[in-house]
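# got a predicted structure plus its sequence, pasted below:
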Amino acid sequence: MAKLRTIKKEIAYLTGEVISNCYMALYFQGEEAQQPLATTIEKAVAMYNALIERANHPAEKHNAKLVRKHYTAIRAELIDTADELFSEISAICSK
């Protein structure tokens with residue numbers, strides 16, 4: 001079974017990467033990309049808060065199979081959402 005600590009570290013790492021990429025893009029893109037990148041940062045923080053909340057409160061704590069499925073779903077959502085945010089940053093930078 002996955003450790004809660006590991007899942008939280010993965011969430012924090014990917015969120016940090018999204019935010020640092022936004023700041024790097026802001027540095028190179030300038031003022032015209034400021035608002036869209038700020039929106040992306042807000043989405044990343046909202047993703048972080050939602051996933052940490054879900055990780056801390058599994059539906060059935062006493063059923064190991066359901067907890068495992070719960071954490072697997074959190075990981076899948078983390079990767080999908082982070083990929084969407086990285087694509088959004090890419091689209092902003094390509095304008």
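Sure, I can see it.
# so what's the residue count around Ala59?
Ala59 has 10 neighbours, counted by other C-beta atoms under 10 Å. Placement of C-beta: from N, CA and C, glycine included.
# ok, now how distant is it from Ala50?
15 Å (C-beta to C-beta, to the nearest Å).
# what do you get for Ala82?
Relative to Ala50, Ala82 is positioned 13 Å away (C-beta to C-beta).
# neighbour count winner among these two?
Neighbours per residue (other C-beta under 10 Å) separate Ala82 from Ala50, with Ala82 holding more: 19 against 14.
# list the contacts for Ala33?
25-26, 92-93, 95 (C-beta atoms under 8 Å, 6 or more residues apart in numbering).
# so which of these are in helices?
Those of those mapping onto helices are 25-26, 92-93, per DSSP state H.
# buried among the residues you listed? Make that a PyMOL selection.
In PyMOL syntax, the buried subset of these is picked out as below (16 or more other C-beta atoms under 10 Å):
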select buried, resi 25+26+92+93
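# helix, strand or coil for Pro58?
coil (DSSP: H, G, I helix; E, B strand; the rest coil).
# quick one, helices of this protein?
4-29, 34-56, 64-93.
# for the chain, give me the ranges with low pLDDT.
1-2 (pLDDT under 70).
# gap between the most far-flung residue of it relative to its centre and Glu53?
Centroid-distance maximum for the chain: His62 at 27.0 Å, with C-alpha atoms, centre = their mean. Per C-beta to C-beta, His62 is found 20 Å from Glu53.
# and the spatially closest residue to Cys93 that is not a sequence neighbour, what does it touch?
Excluding the flanking residues, the one nearest Cys93 by C-beta to C-beta, 6 or more residues apart in numbering is Ala25, at 5.2 Å. Ala25 makes contacts with 33, 37, 89, 92-93, as judged by C-beta under 8 Å, 6+ apart.
# one more time with 10 Å
Neighbour list for Ala25: 33, 36-37, 40, 89-90, 92-93 [criterion: C-beta atoms under 10 Å, 6 or more residues apart in numbering].
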